[in-house]
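> Fold the following, please.
(one chain, ligands or ions: 1)
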Amino acid sequence: MAASEGAMRMGKYEMGRTLGEGHFGKVRLARHADTGRAFAIKILDRQRILAMKIDEQIKTEIATLKLLKHPNVVRLYERLPQARPRYTWSSST
Ligand SMILES: Nc1ncnc2c1ncn2[C@@H]1O[C@H](COP(=O)(O)OP(=O)(O)OP(=O)(O)O)[C@@H](O)[C@H]1O
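Down below sits the predicted model:
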């Protein structure tokens, strides 16, 4: 991923192109500004999650993924705090 000048940042991550979209939000390619390592960042639509009353389910999914370290399961590295009402997390690409 080429990090262009003035690229949008989310914490320490420079945001790149959209990798895909799921039911609850988008997944974007990102590069860690310090290490240069590529990550996938999942940005969840909190309003939609609340409207569907599945926020507890999403929190459980995040907590479970944090515990999992397996070569065949995408690794959750961190959940990013957001000023805007969104759930965001980064995983390896
Ligand atoms: N770690 C990743 N690396 C590369 N692409 C990814 C990664 N995670 C997700 N994607 C892409 O983003 C798309 C959406 O992923 P997302 O997890 O939001 O939805 P999903 O897996 O289809 O499930 P759901 O919509 O039920 O949450 C995937 O189909 C895939 O194309």
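> what's the closest non-adjacent residue to residue 25?
residue 44 (4.1 Å; C-beta to C-beta, 6 or more residues apart in numbering). (Each C-beta comes from the backbone N, C-alpha and C, glycine too.)
> can you tell me how far the one you found sits from residue 56?
Applying C-beta to C-beta, to the nearest Å, the value for residue 44 to residue 56 is 14 Å.
> For the two, indicate the residue with more neighbours.
With neighbours defined as other C-beta atoms under 10 Å, residue 44 and residue 56 compare such that residue 44 has more, 22 against 9.
> My read is that that one contacts residue 21, right?
No. Residue 44 is beyond contact range of residue 21, at 11.3 Å (criterion: C-beta atoms under 8 Å).
> Tell me which stretches of this structure form strands.
Applying DSSP state E to the chain gives strands spanning 9-10, 13-21, 25-32, 38-45, 76-80, 86-92.
> now these as a markdown table including mean pLDDT?
A markdown table is the format used below for the strands of the chain (pLDDT from 0 to 100):
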| stretch | mean pLDDT |
| --- | --- |
| strand 9-10 | 90 |
| strand 13-21 | 95 |
| strand 25-32 | 94 |
| strand 38-45 | 92 |
| strand 76-80 | 90 |
| strand 86-92 | 63 |
